[in-house]
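**Student:** I would like the atomic coordinates for the input below:
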Amino acid sequence: MQRRTFRREVFLPCQVVRERDFRLVSSLAFDLSTGGMQVLTGTRVLTGEPLLVSFRAPKTGAWFDLAATVARVIHGRRPEDRGRGLGLEFHGMALSARYDLLDGLEGLPVTASVRA
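**Tutor:** This next block holds a predicted model:
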């Protein structure tokens, strides 16, 4: 599978809450693209679970409030894992918002992919 977006390494404060009970799932993202993000979590969350994500773009400071789905659960067992985390896929982002986020990611280091 080929990735559709360039992922950028960030350490970004955020708020990720479960849609069904508004429980805080994460407050730190470490990987961000226009299509999604990876976050650290201590909460058990299932693949496919709908979430709400709020964060400010690096560099520009633009606010984003987005719907997302858990695309991947990272259990933190592999040496290259940063701990327990989630891979989130954004939904319903307007094209103009994608460009705004892309501006905020410009110049940040590319995330080194550990997956094939």
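**Student:** alpha carbons only for contacts and neighbour counts from here, please
**Tutor:** Fine.
**Student:** give the contact list for the spatially most central residue of the chain.
**Tutor:** The chain has residue 37 as the residue nearest its centroid, 1.6 Å off, counting by C-alpha atoms, centre = their mean. If you count contacts by C-alpha atoms under 8 Å, 6 or more residues apart in numbering, residue 37 has them with 29, 30, 31, 87, 88, 89, 90.
**Student:** do that again at 6 Å, thanks
**Tutor:** Residues in contact with residue 37 (C-alpha atoms under 6 Å, 6 or more residues apart in numbering) are 31, 87, 88.
**Student:** strands of the protein, start to end?
**Tutor:** 8-18, 24-32, 36-40, 50-56, 63-74, 85-91 (DSSP state E).
**Student:** single out the most deeply packed of those strands.
**Tutor:** Highest mean neighbour count among those (mean count of other C-alpha atoms under 10 Å): strand 36-40, with a mean of 23.
**Student:** any idea of the angle that one forms with strand 8-18?
**Tutor:** 80 degrees (axes from the mean of the first three to the mean of the last three C-alpha atoms, to 10 degrees).
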